[in-house]
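In: Here is a sequence with its predicted model. Questions after.
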Amino acid sequence: MNKFSTILGAVIILVFAACEGPQGPPGFDGLDGLNGQDGLDGIQGQVVEVEGVNFDYDFDANLFSTLITFSDVTNFEVFESDAVLVYRHDGVIDLNDGSTADAWTQIPQNYFLNEGTIQYVFAHTFVDLELFIDGNFDLSNLSTDFTDNQLFRIVFVPSEYAESPDFDASNIESVMSTLNIGESQIMKLDID
């Protein structure tokens, strides 16, 4: 009986000792909400169309500028790692089938005028976006066709997409397709 108790005690100790050990490394945090494309967290970016943008002339710097604060145009949270893309509406073009389409040009964009060259450029933080019109001549008499009542689309691209080697930022249609955003999902705002 003594031998049986010793064997039974050893088996019980082995069973309970096998259930414990050092704690392993922590696992990955789960994703909140539904999983989006490629396992992303469902936030696929956003497109905001801002109409009625007017530029102010800075005499000392010889440039036009305007500031767009993100909280004024969207409730979409922009992170420092996100890409912000800007496209300017260049007008409507006629297609071969008789229909029309909006033409959008990614900024920076150059325009070659008789007086010289102007360029639309921008700088952004995760809070706001400043648009500029810079040029190599005196811009004080620049046509209001370039400075008043402009139409822009601002695209907020999560870093997961922007870092993809297949991501083509030069074409707004391609960007919207990648982000699964249709025309009906574009937030439109007139700031005029």
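Out: Thanks, I have it.

In: quick one: secondary structure of Ser140?
Out: On the three-state scheme (DSSP: H, G, I helix; E, B strand; the rest coil), Ser140 is labelled helix.

In: can you pull the contacts of it?
Out: Contacts of Ser140 were listed using CB atoms under 8 Å, 6 or more residues apart in numbering, and they are 57, 59, 62. C-beta here means a position set from N, CA and C on the backbone, and glycine is covered the same way.

In: Turn the residues you listed into JSON lines, including secondary structure.
Out: Formatted as JSON lines, those follow (three-state DSSP):
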{"residue": "Tyr57", "secondary structure": "strand"}
{"residue": "Phe59", "secondary structure": "coil"}
{"residue": "Asn62", "secondary structure": "coil"}
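
In: which of these are buried?
Out: Among the contacts of Ser140, not one counts as buried by 16 or more other CB atoms under 10 Å.

In: Let me see the ranges of the helices in the chain.
Out: Under the criterion DSSP state H, the chain contains helices at 2-18, 70-73, 144-147, 159-162, 172-178.

In: ok, back up a step: His124: which of the contacts of Ser140 is nearest?
Out: Tyr57 (21.3 Å; CB to CB).

In: now the contacts of Ser140 as TSV including pLDDT and distance to Ser81?
Out: Output for those, formatted as TSV (pLDDT from 0 to 100; distance: CB to CB, whole Å):
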residue	pLDDT	distance to Ser81
Tyr57	96	34
Phe59	95	37
Asn62	96	34
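
In: Which one of those residues is nearest to Asp82?
Out: Tyr57 (30.6 Å).

In: what bridges to that closest one?
Out: Phe64 (DSSP bridges).

In: Repeat that for Asp94.
Out: Thr100.

In: What count of nearby residues applies to it?
Out: Number of residues near Asp94 (other CB atoms under 10 Å) recorded here: 9.

In: separation between it and Trp104?
Out: Separation of Asp94 from Trp104 (CB to CB, to the nearest Å): 16 Å.

In: Ok, Tyr120 next?
Out: Taken as CB to CB, the span from Tyr120 to Trp104 is 12 Å.

In: May I have the predicted confidence score for the most centrally placed residue in the chain?
Out: Geometric centre of the chain, nearest residue: Phe156, 1.8 Å, by CA atoms, centre = their mean. Note for Phe156: predicted pLDDT of 92.

In: Once you drop chain neighbours, what's closest to it?
Out: Once flanking residues are discounted, Phe156 sits nearest to Gln46: 4.9 Å by CB to CB, 6 or more residues apart in numbering.

In: for the chain, what are the low-confidence residue spans?
Out: 1-21, 24, 27-43, 162, 192 (pLDDT under 70).
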